[in-house]
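Engineer: Let's see this in three dimensions:
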Amino acid sequence: MKAGRTIWITGLSGAGKSTLAGPVSDGLRQAGEHVVLLDGDELRAVFGPSATAAASHTRAARLDLALRYGRLCRMLSSQGLTVVIATISLYREVQDWNREHLPGYTEIFLDVPLEELRRRDPKGIYRRFDAGEITDVSGLDVAVDFPAAPDLHLRWESGVGIDELTARVQSFLRK
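Structural biologist: Numbering: from 1, shown residues only. Here you go, the predicted structure:
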């Protein structure tokens with residue numbers, strides 16, 4: 001059986017992880033790979049504590065959840081699948097675990113400035129945080145570890161859209 005791989009797309013909320021993961025997965029499928037797309041929001045609904053749990057968004061809870069995501073990716077990729085996962089999971093422990101345990105691991109970091117994330121704010125997270133309605137937001141009051149050496153570091157550039165980013169990722173993955 002051909003070994004699978006995991007493509008881990010990470011960045012803060014609103015960085016475009018899910019938006020990028022879809023077309024990247026589609027391109028890999030068109031190239032003949034068997035792909036499973038995992039989205040952090042959907043995974044949290046399946047594996048995470050209830051949305052009403054007071055401690056569900058703390059660093060410890062997020063770290064535990066991200067490590068479970070890694071184990072799921074290992075299980076799926078060990079069956080010859082390509083796993084594309086879009087998740088925040090910005091913790092050194094997760095990055096280190098993934099590199100050690102996920103064969104064919106590729107880490108893609110969407111590096112978007114906080115000002116741009118606040119402008120986008122698709123889920124209203126930054127607005128609600130600023131209004132004092134929520135806490136425990138990764139990158140604001142929950143410390144994160146940006147990847148020290150991602151395999152592909154995509155820094156935000158004004159005017160660069162999803163098609164260009166997808167093309168960059170596809171080109172990188174073909175190498």
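
Engineer: For stretch 38-52, give the mean pLDDT please.
Structural biologist: Stretch 38-52 comes out with an average pLDDT of 78.

Engineer: right, I mislabeled it, should have said stretch 147-166
Structural biologist: On average, stretch 147-166 scores 96.

Engineer: again, but for stretch 92-111
Structural biologist: The average pLDDT within stretch 92-111 is 96.

Engineer: Any idea how far that stretch is from the middle of the chain?
Structural biologist: Chain-centre distance of stretch 92-111: 10 Å, with CA atoms, centre = their mean, to the nearest Å.

Engineer: Kindly list the main-chain dihedrals of the residue lying closest to residue 78 once chain neighbours are set aside?
Structural biologist: Spatially, and ignoring its direct neighbours in sequence, residue 78 is nearest to residue 4 (6.7 Å; CB to CB, 6 or more residues apart in numbering). In short, each C-beta sits where N, CA and C put it, glycine included. Main-chain torsions, residue 4, degrees, to the nearest 10: phi -90, psi -170.

Engineer: ok, residue 4 - contacts?
Structural biologist: The contact partners of residue 4, by CB atoms under 8 Å, 6 or more residues apart in numbering, come to 34, 76, 77, 78, 79, 80, 81, 82, 83, 103, 104.

Engineer: Which one of those sits in the busiest neighbourhood?
Structural biologist: residue 83 (26 neighbours; other CB atoms under 10 Å).

Engineer: quick one: what helix or strand has that one in it?
Structural biologist: Using DSSP states H and E, the element containing residue 83 is strand 82-86.

Engineer: Distance check, the residue nearest to residue 78 against residue 168.
Structural biologist: 23 Å (CB to CB, to the nearest Å).

Engineer: buried set for the helix ranked longest in the chain?
Structural biologist: When the chain is parsed with DSSP state H, its longest helix is helix 59-77. For helix 59-77, burial by neighbour count (16 or more other CB atoms under 10 Å) applies to 61-63, 65-67, 69-70, 72-74, 76-77.

Engineer: Would you state the helices of the protein in chain order?
Structural biologist: Under the criterion DSSP H, helices of the chain are mapped to 17-30, 40-47, 59-77, 92-101, 114-120, 125-130, 162-174.
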